[in-house]
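Chemist: Structure for this input, please:
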Amino acid sequence: MAWTAVSAGGGDRPNEDLVAVHVNGGTTDILVLDGATSVAGRDYVDTDGGDVAWFVRAFEAALLPHLDAHAPQDAAVAAAIEAVGADYARLGGAAAAPVHAWPIAALTWIRVRHDEARLFCLGDCKTLLRQPDGTVRDLDPWINPQEAVLQRVLATLPADPAERKARLLPLLRARREEQNLAAAPSVLCLRPAGPFAARRGALRLAPGASLLGMTDGFYRLADPYAMYTPPALFDACLARGLDAMLAELRAAERGGGAGLSVKAADDASAVLWHAGPAISHNPKEHAWTTQSARP
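Modeler: Below you'll find the predicted structure:
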């Protein structure tokens, strides 16, 4: 088994994505976290790195003790969030921050043990499976209903970035409150009112299969930019490497493709994992690594 990853911020603020791979005996835990850009206008617990970046890193740290092959994913996530919520309160965030300022994130957790993969998904990260024969399948074909709402609003807004932001802010804050107060949260949030409404899946992995997990910022190459179909995106990542694909994404954003999105450039992260035996493409074209990707 081998993997490689990339994670890079999309602007001047700290990277609010996180990709990590933890190997413990026969179990590999792949984490893809995409912190939602704050709509608060200020930070409450980390004025240097930002509350959202703090949240995703605090969650990974709190989850680490629970990465046991026999621990259910939902129980591990609940325990980790309880610890992060306590830290947020201890740092003063719970008392000072309005609900729309509480940080949230999308999470995909892929647990691979022997020839089985189990998925725990909240929010809009994307996971693709490539079979040894080259066929590609979307393992979590979830469509964020809020994206269609945003696209309709964006189509009516002027080109000026400041005016667009001002017109969008009330909508985004109301949506953030809904997500934080939901009885069954569909995103990773600090103070869940009930069990997370995670999407779960389990599948057998054939020898030679590969997984591509990514945040929606990286997946822009396929949607909404339509530069690649999902199978073509997977093949390009294998052939060219994740760094080259990230560079192509940034070029597209600079070229005006970001008019289809709320943010001109988003944090973008991806992890490419392969179940042995060795991959068949030219090894000189792609460098596999066994070290964790950090922003």
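
Chemist: so is Glu82 in a helix, a strand, or just coil?
Modeler: Recorded secondary structure, Glu82: helix (DSSP: H, G, I helix; E, B strand; the rest coil).

Chemist: Then Ala226?
Modeler: Following three-state DSSP, the label given to Ala226 is coil.

Chemist: gap between it and Ala252?
Modeler: To Ala252, Ala226 is 10 Å away according to Cβ to Cβ, to the nearest Å. In short, each C-beta sits where N, CA and C put it, glycine included.

Chemist: and those two? which has more neighbours close in?
Modeler: Higher neighbour count among Ala226 and Ala252: Ala252, with 16 against 11, using other Cβ atoms under 10 Å.

Chemist: that's a strand at the more buried one, yeah?
Modeler: No - judged by three-state DSSP, Ala252 forms no part of a strand; its state is helix.

Chemist: show me the residues around it that make contact.
Modeler: 220-221, 225, 227 (Cβ atoms under 8 Å, 6 or more residues apart in numbering).

Chemist: Ala96: which of those is nearest?
Modeler: Ala96 lies nearest to Arg220 out of these, by Cβ to Cβ, at 33.9 Å.

Chemist: In the chain, what residue spans correspond to helices?
Modeler: 51-63, 73-90, 93-96, 145-154, 161-181, 216-219, 230-240, 242-254 (DSSP state H).

Chemist: Buried ones in stretch 70-83, by neighbour count?
Modeler: By neighbour count on 16 or more other Cβ atoms under 10 Å, the buried set for stretch 70-83 is 73, 76-77, 80-81, 83.

Chemist: Could you pull out the buried residues of the least confident helix or strand in the chain by mean pLDDT?
Modeler: With mean pLDDT, DSSP states H and E as the measure, the helix or strand of the chain carrying the lowest mean pLDDT is helix 145-154 (a mean of 77). Of the residues in helix 145-154, Leu150 count as buried by neighbour count, 16+ other Cβ under 10 Å.
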